[in-house]
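Asks: Okay, here's the prediction I keep looking at, along with the sequence it came from:
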Amino acid sequence: MLMLGVCAAWSLITAAARGGRPEGVLLAVLAVAAGYAAGRICGALLPVVAPSAGALAGLGLAAITPHTTAGSPLISPFGHTGATAALLALSTGAACCAAWAARSPGPRLALRLLACVIAVTAAALGSTTGFAACAGVLLCSLAAARMRPRGLGLAGLALATALVTATIWAIAEDVLPAGLTDSLEGQLTPHRVLLWHDALGLVHDEPLLGAGPGRFGELSPTVAQALSADDRPHSAPLQLAAEQGLVGAALLAAVFGWVLYVLWRSPRSTPVVLTAGAALTALAAIAAVGNALSFTTVTAGAGLLAGIATARPLTDGEDGVAAQDLDDR
């Protein structure tokens, strides 16, 4: 709660110093906190049912939300495939966590089939990123059964996130070899890369406080020349760095690091912990190249999954496994 409070306070400080609209950041912080609290409670009372329900809810939202109309701040049309991909990845992680928490083989198999259905749904919706993320979470969940020291797995997830973020930053700085830059630019689209250049320019101009929350669209030449109304840089780290300075980006990294730390300290079994960590890492990678964290459903879902994976179940089903995991850790 202290970490999230600092994030909220810094957005207010930068808004007061530079102007801007901190409401989006405050709503995201509130969604993560509410989701995490709900996950801790529901995960303790219903360690299998809670993630199962979360997976079904995420699948339903991803399937129906693009066809709804605007008007709700909680269930609004995503407009960006990254948000749908993130929601499907979190749903796959929740289904796999429920499968590992199930005691009998029947429910465990059914929940793993649900995770496969979510991945197939991502492909049916045309979300290549979502399908790749879901498949990656599934593979990591299966591999987690053979990895006893959870710290090594979580360190690998942290390294993967750092590499993705460093690559995005290097593309924005235009320091990669020309051939590699052209290849990545073709996958990411030139428009997105131009937005990243604008964001990094704002970081160079205001490295400490940034330009102010929500002001990227006002100051970006690329946004001014674009026909669409999208005024975000399509990268959570670069958006925070541009609008709230390097301190804002560091706070985002600290929150992710804190999540990995509490997963490492979690009383849940190692497969549950590493599965949740893989899903949240997939979300971090998607958010690094898109606007996934701009949607309340995604941020609340991330908090919910983190809460479920760190809750101490009141049932006795995992007590022996959790005790053994604590010894292995």
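Replies: Now that the structure is in, tell me what you want to look at.

Asks: pretty sure residue 233 contacts residue 215?
Replies: No. Assessed by Cβ atoms under 8 Å, residue 233 is found out of contact with residue 215, at 11.5 Å. Every C-beta, even on glycine, is put in place using the N, C-alpha and C of the backbone.

Asks: Could I get the phi/psi values of residue 91?
Replies: The phi/psi pair for residue 91 (degrees, to the nearest 10) reads phi -60, psi -40.

Asks: Going by how many neighbours each has, rank residue 233 and residue 215 and give me the top one.
Replies: The residue with more neighbours, out of residue 233 and residue 215 and counting by other Cβ atoms under 10 Å, is residue 233; that gives 29 against 20.

Asks: How about the contacts made by that one?
Replies: With Cβ atoms under 8 Å, 6 or more residues apart in numbering as the criterion, the residues that contact residue 233 are 195-196, 198-199, 216, 220, 239, 242.

Asks: do residue 93 as well
Replies: By Cβ under 8 Å, 6+ apart, the contact set of residue 93 is 137, 141, 275-276, 278-280, 282, 305.

Asks: Swap in 10 Å and give it another go.
Replies: 51, 54-55, 58, 115, 118, 133-134, 137-138, 140-141, 272, 275-283, 301-302, 305, 308-309 (Cβ atoms under 10 Å, 6 or more residues apart in numbering).

Asks: and what of residue 271?
Replies: Contacts were defined as Cβ under 10 Å, 6+ apart; by that measure residue 271 touches 96-97, 99-101, 140-147, 150, 153, 321, 325.

Asks: Dihedrals phi and psi, it?
Replies: For residue 271, the backbone dihedrals (degrees, to the nearest 10) come out as phi -60, psi -40.

Asks: can you redo the contacts of residue 233 as CSV with secondary structure and neighbour count?
Replies: CSV is the format used below for those (DSSP: H, G, I helix; E, B strand; the rest coil; neighbours: other Cβ atoms under 10 Å):
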residue, secondary structure, neighbour count
195, helix, 28
196, helix, 24
198, helix, 21
199, helix, 27
216, helix, 23
220, coil, 23
239, helix, 29
242, helix, 31
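
Asks: Quickly name whichever of the residues you listed is closest to residue 28.
Replies: Taking Cβ to Cβ as the measure, residue 239 is the one of those closest to residue 28, at 11.3 Å.

Asks: Pick out whichever of the contacts of residue 233 sits closest to residue 291.
Replies: Each of the contacts of residue 233 was checked against residue 291 using Cβ to Cβ; the closest is residue 239, at 8.1 Å.

Asks: Using the three-state scheme, assign the residue lying closest to that closest one once chain neighbours are set aside.
Replies: Once its chain neighbours are removed from consideration, residue 239 has its nearest residue in residue 233; the separation is 5.0 Å (Cβ to Cβ, 6 or more residues apart in numbering). Residue 233 falls in the coil class when you classify it by DSSP: H, G, I helix; E, B strand; the rest coil.

Asks: mind checking how far the residue lying closest to residue 1 once chain neighbours are set aside is from residue 313?
Replies: Nearest residue to residue 1, sequence neighbours excluded (Cβ to Cβ, 6+ apart): residue 33, at 6.9 Å. For residue 33, the distance to residue 313 equals 22 Å [Cβ to Cβ, to the nearest Å].

Asks: who has more neighbours, those two?
Replies: Taking neighbours as other Cβ under 10 Å, residue 33 and residue 313 compare with residue 313 leading, 22 against 18.

Asks: Strands of the stretch 1-150 of the chain, start to end?
Replies: In the stretch 1-150 of the chain, no strands are found when defined by DSSP state E, counting those that start in this stretch.

Asks: Now do the helices in it.
Replies: For the stretch 1-150 of the chain, the helices defined by DSSP state H, counting those that start in this stretch occupy 2-18, 23-45, 49-64, 81-101, 105-124, 128-143, 150-173.
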